[in-house]
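In: Sequence plus predicted model, see below.
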Amino acid sequence: MSATDESNPQNQDQRRHQPTEAELRTARAAQKLRENLMRRKQQARARRSGQADLTEGLPAARADESST
């Protein structure tokens, strides 16, 4: 019997395995950590080369709005 034999119960379990909510949550957290690390590395490279940081998210307060 070969490892690709479909009558093998172990192979059937591997095909049917649905990730649990905890596994999905862990995978999402790992992805977010990778994205954050990549963004921080990019910011560090930009600082070393003298370029401005390109940020995503809330913009900084504008000078004309904060003086009123």
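Out: Received it, and whenever you're ready, just let me know what you need. Residues are numbered from 1 along each chain as shown.

In: hey, which helix is longest across this structure?
Out: For the chain, the helix reaching the highest residue count under DSSP state H is reported as helix 21-49.

In: Return the set of buried residues in that helix.
Out: Under the neighbour-count criterion of 16 or more other CB atoms under 10 Å, helix 21-49 has nothing buried. No exception for glycine: its C-beta is placed from N, CA and C like everyone else's.

In: for the chain, what are the low-confidence residue spans?
Out: Residue ranges of the chain with pLDDT under 70: 1-15, 51-68.

In: change it to 80
Out: 1-16, 49-68 (pLDDT under 80).

In: Residues contacting stretch 22-36, please?
Out: By CB atoms under 8 Å, 6 or more residues apart in numbering, the list of residues contacting stretch 22-36 from outside reads Pro19.

In: With just CA atoms, put that stretch into PDB.
Out: What follows is stretch 22-36 as a C-alpha-only set of coordinates in PDB (Å, rounded to 0.1, in the frame of the first residue of the first chain):
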ATOM      1  CA  ALA A  22      -7.300  29.000  17.700                       C
ATOM      2  CA  GLU A  23      -5.100  28.000  14.800                       C
ATOM      3  CA  LEU A  24      -6.700  30.700  12.600                       C
ATOM      4  CA  ARG A  25      -6.200  33.300  15.300                       C
ATOM      5  CA  THR A  26      -2.500  32.200  15.700                       C
ATOM      6  CA  ALA A  27      -2.000  32.400  11.900                       C
ATOM      7  CA  ARG A  28      -3.500  35.900  11.800                       C
ATOM      8  CA  ALA A  29      -1.400  37.100  14.700                       C
ATOM      9  CA  ALA A  30       1.700  35.700  13.000                       C
ATOM     10  CA  GLN A  31       0.900  37.400   9.800                       C
ATOM     11  CA  LYS A  32       0.400  40.800  11.600                       C
ATOM     12  CA  LEU A  33       3.700  40.400  13.300                       C
ATOM     13  CA  ARG A  34       5.500  39.700  10.000                       C
ATOM     14  CA  GLU A  35       3.800  42.800   8.500                       C
ATOM     15  CA  ASN A  36       4.800  44.900  11.500                       C
END
